[in-house]
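S.K.: Okay, sequence plus prediction incoming.
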Amino acid sequence: MSIAEPIKIGPWGGNGGTMFDVPNPPPARLDSMTIRAAGLIDSIGFSYVDEADNKRTAGPFGGTGGQLITIQFAPKEWVTKLSGTIVEASLSGGKPTVASLEIETNIRKYGPYGTVNKDYSFSIPLPKGLIIAGFFGRAGRFIDAIGVYIGYKNEKLDAITVATNDKTLGN
């Protein structure tokens, strides 16, 4: 049963590179991420779980430079905020490119990766109950732009108690 389809917000950055997105079905929760970064964000990839609980992989998108970072999220760890910076770098021909990314979950922060600058920053903090479930954007040699899929945190409960009649419902 679907609560709601995830929605897309963004992207932030430039219009260089080629568009990337997740294949159908849409993501429900992030499982892991890979980021390649040095002076800029070279690439991202991620695995996610769809609504039917199938694990899927998207990417990597972008180039092969930079240091490889792998983030494996815990089963009850949800991405609640993405922030970063955009720069018009000489490495990217002066075009706007994602320079840094920082990922925040309900458990901890990851990063920042890349080079944080003060020129153009973006931040996507989410209210309680919403999560970042996946990414889309534009990539060439670097990540030119990044956007997010926003979904509902959907914890599976073994049983719930209905207060009106004290009956227990569950799987």
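M.R.: Cool, the structure landed.
S.K.: List of residues touching stretch 101-109?
M.R.: Outside stretch 101-109, the residues that touch it by Cβ atoms under 8 Å, 6 or more residues apart in numbering are 33, 35, 37, 41, 44, 71, 73-74, 76-84, 110-114, 125, 146. C-beta here means a position set from N, CA and C on the backbone, and glycine is covered the same way.
S.K.: chain center to it, what's the gap?
M.R.: 10 Å (Cα atoms, centre = their mean, to the nearest Å).
S.K.: Dump it to CSV, restricted to CA.
M.R.: Below are the C-alpha coordinates for stretch 101-109, written out as CSV (Å, rounded to 0.1, in the frame of the first residue of the first chain):
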residue,chain,number,x,y,z
LEU,A,101,28.2,17.8,-0.1
GLU,A,102,27.3,17.0,3.5
ILE,A,103,24.8,14.3,4.5
GLU,A,104,22.9,14.3,7.8
THR,A,105,20.9,11.4,9.1
ASN,A,106,18.8,10.8,12.2
ILE,A,107,22.0,9.3,13.7
ARG,A,108,25.0,11.3,12.5
LYS,A,109,26.6,13.6,9.9
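S.K.: Just the buried residues of it, please?
M.R.: Within stretch 101-109, the residues that qualify as buried are L101, E102, I103, E104, T105, counting by 16 or more other Cβ atoms under 10 Å.
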